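> sequence plus the predicted model coming up.
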Amino acid sequence: MAVVGDLALMGTKIKLIGKLEKRVFGVPLSTSPRFSFSQTRNLDVSKSRTAVRAVLQVEKIQSSGELKEGSLGFDVVSERELKENGFLGLRKTKLVCTIGPACSSIDELEKLAIAGMNVARLNMCHNSREWHQDVIRKIKKLNQEKGYCVSVMIDTEGNQIQVDLGSSSSVKAEEDSIWYFTTEKFEGSRPFTIQANYEGFSEGVNSGDDIVIDGGMATFEVIEKVGNGLRCKCTDPGLLLPRAKLSFWRDGKLLGRDYDLPTLSTKDWSDIVFGISENIDFIAVSFVKDAEAIMHLRDYLTTTSSKAIKVLAKIESLESLRRLEGIVEASDGIMIARGDLGVEIPLEQIPSVQKDITYVCRQLNKPVIVASQLLESMVEYPTPTRAEVADVSEAVRQYADALMLSGESAIGSYGMKALSVLRTTSTRMEQSCREENRQTLLHQRKLGASLPDQIAEQICNCAVEMADNLGVDAIFVYTRHGKMASLLSRNRPNPPIFAFTNDNSTQMALNLQWGVTPLLTDLSDDMEGNVKKTVELIKAKGMIKKDDAILVVSDIIPISTAQTIFQSIQVMTIT
Ligand SMILES: Nc1ncnc2c1ncn2[C@@H]1O[C@H](COP(=O)(O)OP(=O)(O)OP(=O)(O)O)[C@@H](O)[C@H]1O
Ligand SMILES: CC(=O)C(=O)O
Ligand SMILES: [K+]
Ligand SMILES: [Mg+2]
C-alpha cells in the first residue's frame, strides 16, 4: 500500500488509521515491515520481553493558539541558520573542531561556535590539565550565557609505542647510519640513540625486521637485539618528530603484536576522572584494540553515575579493524582516525576502509566522525587544495555524521576559514545528494531490520520514507534518551530532524548526529500537549508558516505506565 497515495486521499481529520499491537508471543513482523493501515495484528519482536504497543497515527491537526509562551531550547546558531536558510537549508553534517593554542581564547571559541562548531575536541596528548579545564569552562560559559550548544569531547592519549626525543624538536636519520633504540631513560639527547617509551617494545622483533616511523617518515632495519634494545640501520632516510610512532614489519607485513599495554593508561584514567568532573559529553578512546576496553569504560561511567557521557571508539589500528563490528556495537559512536590508521595500513586502503566503517556504523546506528587531514594544507595556507575539498565531499556523500578539524583549528592560522570550507562544502554536497535521492526515491536505502528494538527501527524507517515521499518540511521527534532521533537520523531523511528532549545530556549527545537539531524543552506525558506547545513556540518565532507540513514521531515512555512504550507517527499541516 503506497503511503503517499493514501495520504493524498485523506481528509482533514483522520485519526488512528493503523494500529499495531505486539504481545509476547505474536506473529512475525518480518513479512511486511510496511504498515498496512486499518488492521490490527500482532508483531513478534523476539528480543523484547515486555509487551509493546506501537500505534501508527496519521492525523491532520489544526494547531491551536491557546498555548502560552514557554521556553524552547533553540541554540542561537541553529535558530539563525533556520531563519536565514529555511528547513531544507539546515546543514546536516556535524562539525568537530580540535581546540589548541590557535583558538583557545573565549573570542576565538565563540567565533568557532558561530561558524558552526557542534563539538569541541580536546586532545589530552597536548597541553596541561589547567589549560584543558580553562577551555572547557569557557565553552560551558558560552553555552550558558550566550545560548550556544557546543558539546565537549576529550580524546585520550592512549598507549602507543612511540619515541621520546627529550628536548629535541626533531631528529634526522641519514641513509645507512646506525642507530640504537633503547628503553633506557636519560636526560637530554645522545647521538644516534632513540628512546622508546615502552619496556617491551622489542619483544618478538627479529633481526631483519623493519621499524617504520610514523607510517613512512623513515625506516630502519633491525641488525641485532642488544638487551631490550635494538641496533638498527637506517634504510629509508627521514625525520623523527616528537611522539613519532613505531611500527614493526616483516616481509612487507605489519607485525600485529598484542602488547600488554592496556588501551587506557593510568594517565588516561586520570584524564577521564577529570573529564567527568568537568561534565564533558564525549570521551574518544584512542588506539582501541577490542570491545572489552570500551565496555570496561562504560561500566565505570555507570558506576560513577556518569552514564550520560558517550564513549566513542577511535579506529586507528589494525586490531580495531579486525574487531570492528564488536567495537562499534560496544561503543556510542566511532571516530575514523585516519592519521594513525595511515601508519598501520597502506594509504591506498584508507578510502575503502572509511567507506566500510561508515557503512557498518549506519547499519548498527552509531554516529561516525571522519577525522584527520581533511584540510591539512590549511594549517599553513588560506585556501584548501581541490583534492582536500573532494575528500571532504566524499565523506559527506558517504553520509558520515561528522567531520573533524585537527591541526587546522588547533594550531593553524586559518582555523575559521577551514571551518567555513567544511560548512559550505558539506551543505553543497548534501544538496546534491538530496537531488540525487529524489530521482531514485524508491530504490535508495536498504537498511535492514537489524537492530534489537525492531518496532522503533521500523517506525523510524517508515517515518522517514513517509517524510521524503510527502516532502514534509521538517520531522519533529519527542525523545527522552535520543533513541528515536538517532533511528530517524540513520535513515538520512531530506527534511531536518528537530529532536525535543527534556534531558540536557541527550541534547548534547545528539549534537553529533547527522541532520538532528536537538532542542531542550519541557516534556509531559501528554503527547498531544507536547506537540501543540512546541509547534506554537516555533510558530511564534516565525520559523514555520501556514501550509508547512511536519511529520511528528514520539517515543515518550509515560512515567505512570512504565511498561508501555507509546510510539506514533503523525503528519500535520500548519494552519
Ligand atoms: N591542546 C593543544 N595544545 C597544543 N597543541 C595542540 C593541542 N591540541 C592539538 N595541538 C596541535 O595540533 C596538532 C593536531 O592536533 P591533533 O590532536 O589532531 O593531532 P594528533 O596529536 O596527531 O592526534 P592523536 O594523538 O589523537 O592522533 C598536534 O600535533 C599538536 O601540534
Ligand atoms: C585523530 C587521530 O587520533 C588520528 O587521526 O590519528
Ligand atoms: K589523542
Ligand atoms: Mg591518533
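Nice, I can see it. Numbering: from 1, shown residues only. Ligands and ions are numbered 1, 2, ... in the order given.
> endpoints of stretch 533-548, how far apart?
End-to-end distance for stretch 533-548, by CA to CA, to the nearest Å: 16 Å.
> what mean pLDDT does it get?
Average pLDDT, stretch 533-548: 85.
> please apply the same query to stretch 261-275.
pLDDT averaged over stretch 261-275 gives 93.
> distance of whichever residue of the chain sits closest to ligand 2 relative to residue 350?
Taking CB to the nearest ligand atom, ligand 2 has its nearest neighbour within the chain at residue 339, 2.7 Å off. For the C-beta atoms, the positions are set from N, CA and C on the backbone; glycine is no exception. Per CB to CB, to the nearest Å, residue 339 is found 10 Å from residue 350.
> residue ranges with poor pLDDT in the stretch 1-150 of the chain?
The model of the stretch 1-150 of the chain has pLDDT under 70 over residues 1-72.
> would you map the helices across it?
Here the stretch 1-150 of the chain has its helices, by DSSP state H, counting those that start in this stretch, at 3-9, 76-85, 106-114, 129-146.
> how about these, which one is nearest residue 567?
helix 3-9 (16.9 Å; CB to CB).
> what's the longest helix belonging to the chain packed up against?
The longest helix of the chain (DSSP state H) is helix 415-439. Counting contacts by 3 or more CB pairs under 8 Å, 6 or more residues apart in numbering; DSSP states H and E, helix 415-439 packs against strand 94-98, helix 106-114, helix 386-397, strand 402-405, helix 407-410.
> could you please name the strands the first one pairs with and the direction of each pair?
Strand 94-98 has these partner strands in its sheet, going by DSSP bridges: strand 119-123 (parallel), strand 402-405 (parallel).
> does the first one reach ligand 4?
No. No part of strand 119-123 sits near ligand 4 under the criterion CB under 5 Å from the ion; the closest distance found is 8.7 Å.
> now name the helix or strand holding residue 455.
In this structure, residue 455 sits in helix 454-470 according to DSSP states H and E.
> need the residues that contact whatever helix or strand comes next after that helix.
Per DSSP H and E, helix 454-470 leads on to strand 474-478 as the next helix or strand towards the C-terminus. Applying CB atoms under 8 Å, 6 or more residues apart in numbering, the contact partners of strand 474-478 are 87, 463-464, 467, 484-485, 488, 493, 495-501, 523, 527, 530-531, 534-535, 544, 548, 550-556.
> low-confidence bits of the stretch 401-550 of the chain, can you list those?
Looking at the stretch 401-550 of the chain by pLDDT under 70, you get 438-450.
> next one: the longest helix of the chain to chain centre, how far?
In terms of CA atoms, centre = their mean, to the nearest Å, the centre of helix 415-439 is set 17 Å apart from its chain centre.
> mind listing what's buried along that helix?
415-419, 421-423, 425-427, 429-430, 433-434, 437 (16 or more other CB atoms under 10 Å).
> returning to that earlier point: out of the strands paired with strand 94-98, which one sits most buried?
Sort those by mean neighbour count, taking mean count of other CB atoms under 10 Å, and strand 402-405 sits at the top with a mean of 26.
> so what does the closest residue to ligand 3 within the stretch 201-350 of the chain look like in phi/psi?
Closest approach between the stretch 201-350 of the chain and ligand 3, counting by CB to the ion: residue 286, at 4.5 Å. For residue 286, the backbone dihedrals (degrees, to the nearest 10) come out as phi -80, psi 150.
> fine, thanks again, bye for now.
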